[in-house]
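Asker: compute the structure for the input listed below.
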Amino acid sequence: MATIGGSTTYATTARPVDVRTFLAEVDDLPSIPETLIRILKVIDDPSSGPADLTRVVRMDAPVMAKVLRLANSPYYSAHADLTDINRCVAVLGYRSVRQVAICITVASSLMSAVENAGGQLDYRELWRHSVVTGAVARHLARLTGYPDPEEAFTAGLLHDLGKFVLEVYAPQTYGRLVRDRHDRGMTMVEVERAAFGFDHAELGAAFAESWRFPPLLVHAFGEHHQPVLGRATSREGRVTALVALADHLANMVDPPRCDLGFDPAAADPARLHESAGLTAAEVDGELPAIREDIERAATFLTL
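Answerer: Below is the predicted model:
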């Protein structure tokens with residue numbers, strides 16, 4: 001252990017490590033799932049469409065089964081009779097199904113890796129917070145007229161990718177950092193940077209980039225703790241602002257049942273609302289509907 005500014009840090013490396021170098025040296029991280037590679041290729045190809053996505057999903061039976069289960073959940077459909085992936089795409093829409101498929105493939109890989117790591121952080125509760133954040137981001141996206149609410153859902157659901165990666169890499173150390181940060185008078189981001197040389201947001205962005213995620217999602221993962229000054233106007237800025245506000249609201253509206261590193265004193269609610277283009281009064285008026293969306297999203301907890 002080392003001391004920085006009079007506080008104890010849990011050094012994991014002998015020297016500062018570039019985040020991409022760090023990722024390349026972590027042996028236990030899962031490799032990008034083949035199904036996700038195919039899905040992202042479909043997204044990248046401007047000539048592709050629903051038939052291409054359907055063909056990819058059909059090639060992975062477990063993923064297809066989960067897509068069908070989620071598609072029939074109250075969060076997406078009132079029909080509960082979607083038994084074929086083609087009908088899923090027709091009823092829910094191409095964009096909705098492809099975002100669900102992305103979430104399923106990423107979550108399944110990371111959850112399995114974290115479970116095997118034997119960490120002290122309650123990763124199931126971290127996943128619950130991720131689902132809540134995704135549901136809130138989707139709701140806020142619709143409220144603000146963001147053009148692709150499902151994109152906001154994916155960005156919110158996967159915003160804490162870096163925390164899952166740190167749980168795989170240094171499960172014991174990371175658990176201590178979460179517990180000890182209050183005694184050291186530092187935020188979670190600050191103790192992460194002191195211990196690793198980067199924080200979970202930077203790491204999540206680098207990990208997503210290595211898995212060939214769309215740049216917009218990479219930006220949202222990496223910048224959700226850095227909301228812009230004033231109202232966000234670019235598409236990247238808007239989705240990042242929505243995720244940042246959703247992350248804050250998720251911790252306030254449906255607080256995690258254990259300490260996951262949330263620092264309410266470090267948040268600036270007024271700035272978060274302004275960046276997202278919403279007033280606190282507007283959000284307060286939506287809280288009953290937001291809570292309903294959170295309840296409907298519970299099906300994602302059993303991926």
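Asker: biggest helix in the protein, by residue count?
Answerer: Taking DSSP state H as the criterion, the chain has its longest helix at helix 94-117.
Asker: and it, what's buried?
Answerer: The neighbour-count check on helix 94-117 (16 or more other C-beta atoms under 10 Å) flags 94-111, 113-114, 117 as buried. Where you see a C-beta, it was placed from the backbone N, CA and C, and this is true even at glycine.
Asker: ok, stretch 229-244 next?
Answerer: Under the neighbour-count criterion of 16+ other C-beta under 10 Å, stretch 229-244 has 232, 236-244 buried.
Asker: please name the nearest non-neighbouring residue to residue 123.
Answerer: residue 114 (4.5 Å; C-beta to C-beta, 6 or more residues apart in numbering).
Asker: can you pull the contacts of the one you found?
Answerer: 123, 164, 167-168 (C-beta atoms under 8 Å, 6 or more residues apart in numbering).
Asker: for the residues you listed, which one is nearest residue 280?
Answerer: residue 164 (30.8 Å; C-beta to C-beta).
Asker: for residue 185, grab phi and psi.
Answerer: Main-chain dihedrals, residue 185, degrees, to the nearest 10: phi 60, psi 40.
Asker: any idea how many residues pack against it?
Answerer: 10 (other C-beta atoms under 10 Å).
Asker: same thing with residue 139?
Answerer: Neighbour number of residue 139 under other C-beta under 10 Å is 26.
Asker: any idea which element it lies in?
Answerer: helix 123-144 (DSSP states H and E).
Asker: which residues touch the closest residue to residue 172 other than its chain neighbours?
Answerer: Among residues not flanking residue 172 along the chain, residue 120 sits closest, at 6.4 Å (C-beta to C-beta, 6+ apart). By C-beta under 8 Å, 6+ apart, residue 120 lies in contact with 171-172, 174-176.
Asker: same check on residue 206?
Answerer: If you count contacts by C-beta under 8 Å, 6+ apart, residue 206 has them with 19-20, 22-23, 222.
Asker: what is the neighbour count of the closest residue in space to it that isn't next to it in sequence?
Answerer: Nearest residue to residue 206, sequence neighbours excluded (C-beta to C-beta, 6+ apart): residue 19, at 4.5 Å. Residues lying near residue 19 (other C-beta under 10 Å) number 20.
Asker: check residue 19 and give its pLDDT.
Answerer: pLDDT recorded at residue 19 is 89.
Asker: same question for residue 2.
Answerer: On the pLDDT scale, residue 2 is placed at 35.
Asker: quick check: phi and psi at the closest residue to residue 273 other than its chain neighbours.
Answerer: Excluding the flanking residues, the one nearest residue 273 by C-beta to C-beta, 6+ apart is residue 280, at 5.5 Å. With angles defined as degrees, to the nearest 10, residue 280 sits at phi -60, psi -40.
Asker: neighbours around residue 280, how many?
Answerer: 12.
Asker: do you know how far it is from residue 55?
Answerer: Distance, residue 280 to residue 55, using C-beta to C-beta, to the nearest Å: 46 Å.
Asker: with adjacent residues omitted, what lies nearest to residue 249?
Answerer: In space, residue 249 is closest to residue 136, 5.2 Å off (C-beta to C-beta, 6+ apart).
Asker: test my guess that the one you found contacts residue 252.
Answerer: No. If you go by C-beta atoms under 8 Å, residue 136 and residue 252 don't touch, sitting 10.0 Å apart.
Asker: who has more neighbours out of those two?
Answerer: Each of residue 136 and residue 252 has its neighbours counted (other C-beta under 10 Å); residue 136 has more, 30 against 12.
Asker: contacting residues for the more buried one?
Answerer: Residue 136 makes contact with 156, 245-246, 249-250, 253, 290, 293-294 under the criterion C-beta under 8 Å, 6+ apart.
Asker: could you list which of the contacts of residue 114 belong to helices?
Answerer: If you go by DSSP H, the contacts of residue 114 have 123, 164, 167-168 in helices.
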